[in-house]
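Undergrad: coords below, sequence missing:
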């Protein structure tokens, strides 16, 4: 490991490439290799520009952070040209009016009865329902109750029921 760092520093000194240990570690992690000195220098500049963007964002202490990935050696323009399609360019599609573009040698019917041509879905009969088996009961809620509650039952306690029953008997007797 130490010899690799020394060799990378010696290579940077010979080729006049600024040595960035984080960039070297990133290259090893993502198995990146560049064919020319200029290509590697451009990748290093893009990496350092992305590093600045990452540090500025992460300094804001938001709920999410940025970090390096396999595309950290690309500028936004390079990434967009290489990996993004026309869908992500925020433009209207070529056929924005949804007009049918006619092609030569293709004949299209004037109208079509979709109800007659579409197969109807199979009906769910009682025998099909019996083969499917019983449906599961709904899941019970496991909500926690407050710890202040002395009686876990949602009904009245037995003493309050006795008092209510006694009061009801006394009222009906009178």
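TA: Perfect, thanks for sending it. On a predicted model such as this, the values are computed, not experimentally measured, just so you know.

Undergrad: Now for residue 58: which residues touch it?
TA: With contacts defined as CB atoms under 8 Å, 6 or more residues apart in numbering, residue 58 is in contact with 65-66. Placement of C-beta: from N, CA and C, glycine included.

Undergrad: Helices of the chain, start to end?
TA: Under the criterion DSSP state H, the chain contains helices at 2-15, 21-29, 37-58, 76-83, 114-117, 126-132, 158-173.

Undergrad: where does this structure have low pLDDT?
TA: When residues are selected by pLDDT under 70, those of the chain lie in 1-18, 85-101, 120-132, 135, 138, 141-174.

Undergrad: rerun at 90
TA: Low-confidence segments of the chain, defined by pLDDT under 90, are located at 1-20, 79-174.

Undergrad: Please report the distance of residue 62 from residue 40.
TA: Here residue 62 is placed at a distance of 33 Å from residue 40 (CB to CB, to the nearest Å).

Undergrad: Which one of these two is surrounded by more residues?
TA: Remark: of residue 62 and residue 40, residue 40 carries more neighbours, 18 against 9, as counted by other CB atoms under 10 Å.

Undergrad: Skipping its backbone neighbours, what lies nearest that one in space?
TA: Nearest non-adjacent residue to residue 40, counting by CB to CB, 6 or more residues apart in numbering: residue 34, 3.8 Å away.

Undergrad: ok, the one you found touching residue 47?
TA: No: at 11.5 Å, residue 34 does not count as touching residue 47 under the criterion of CB atoms under 8 Å.

Undergrad: what number of residues lie near residue 78?
TA: Neighbour number of residue 78 under other CB under 10 Å is 14.

Undergrad: Can you name the residues that contact it?
TA: For residue 78, the contact set (CB under 8 Å, 6+ apart) comprises residue 46.

Undergrad: same deal with residue 74?
TA: With contacts taken as CB under 8 Å, 6+ apart, residue 74 has the following neighbours: 43, 46, 82.

Undergrad: Out of the residues you listed, which end up buried?
TA: With neighbours counted by 16 or more other CB atoms under 10 Å, the contacts of residue 74 contain buried members at 43, 46.
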